[in-house]
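Participant: Predicted structure and sequence below. I'll ask about it afterward.
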Amino acid sequence: MTQPFAPPADDTQPVRFHDADQREADELDMTPMVDVTFLLLIFFMVTAAFSLQKSIEIPAPDPEQAEQARTIQQIEDDTDYVVVQVDQDNTIWVGESEAPSEQDLLVKLRAARFAGGGPRHGGPSKLLVLADTGCRHETVVRVLDAGNAVGFESLRLATVDEDDFW
């Protein structure tokens, strides 16, 4: 016959499935992971390209000069201005010649700015941009940026309707 379950004798050791030392060895050491995280953070901070955007300073309108405001026609006739027109199809015209690319725009603006010996010798130092109300904002900003890059002292922007264009 079988014997019933007997309790263990006092001199036997109970069975242990995990040692306390083994449990500490099984835990994941986070120190190397933190080190790698900080190294990656420093790497990305050092290699990130932070570029400052250029801005064009636009002065606030003076109410006293409102009476002395000149018309677009008067400004176009002034020899101190280079006139750039942006039509409804986003075509850029510097004077009477078309500037199909940004490079052509820079070349034509530079040639117009330094015509007659440059601004110190009576050449134009101001830029007037006449933009059609239907043209893209991006095109107008590109023209203003090009004028700033060429070195015009004053940039003016006016919007015109398709009827008033040319």
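Facilitator: Nice, I can see it.

Participant: for the chain, which helix is longest?
Facilitator: Under DSSP state H, the helix in the chain containing the largest number of residues is helix 31-47.

Participant: Please enumerate the helices of this structure.
Facilitator: 20-26, 31-47, 72-77, 102-113, 137-150.

Participant: Serialize these to JSON lines and add fields for mean pLDDT.
Facilitator: Rendered in JSON lines, the data for these read as follows (pLDDT from 0 to 100):
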{"stretch": "helix 20-26", "mean pLDDT": "61"}
{"stretch": "helix 31-47", "mean pLDDT": "91"}
{"stretch": "helix 72-77", "mean pLDDT": "70"}
{"stretch": "helix 102-113", "mean pLDDT": "90"}
{"stretch": "helix 137-150", "mean pLDDT": "90"}
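
Participant: could these be laid out in TSV, adding distance to Glu57 and mean neighbour count?
Facilitator: All C-beta atoms are positioned from the backbone trio N, CA, C, and that covers glycine. Written out in TSV, the entries for these read as follows (distance: least, C-beta to C-beta, whole Å; neighbours: other C-beta atoms under 10 Å):
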stretch	distance to Glu57	mean neighbour count
helix 20-26	65	8
helix 31-47	31	9
helix 72-77	20	12
helix 102-113	19	17
helix 137-150	10	17
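
Participant: can you list the ones you listed in TSV and add distance to Ala158?
Facilitator: As requested, the helices of the chain are arranged in TSV below (distance: least, C-beta to C-beta, whole Å):
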stretch	distance to Ala158
helix 20-26	75
helix 31-47	44
helix 72-77	6
helix 102-113	17
helix 137-150	11
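
Participant: Out of these, flag the one nearest Gly123.
Facilitator: Proximity to Gly123, assessed across the helices of the chain by C-beta to C-beta, is greatest for helix 102-113 (6.5 Å).

Participant: by contact count, what packs against the closest one?
Facilitator: If contacts are counted by 3 or more C-beta pairs under 8 Å, 6 or more residues apart in numbering; DSSP states H and E, helix 102-113 sits against strand 81-86, strand 92-94, helix 137-150.
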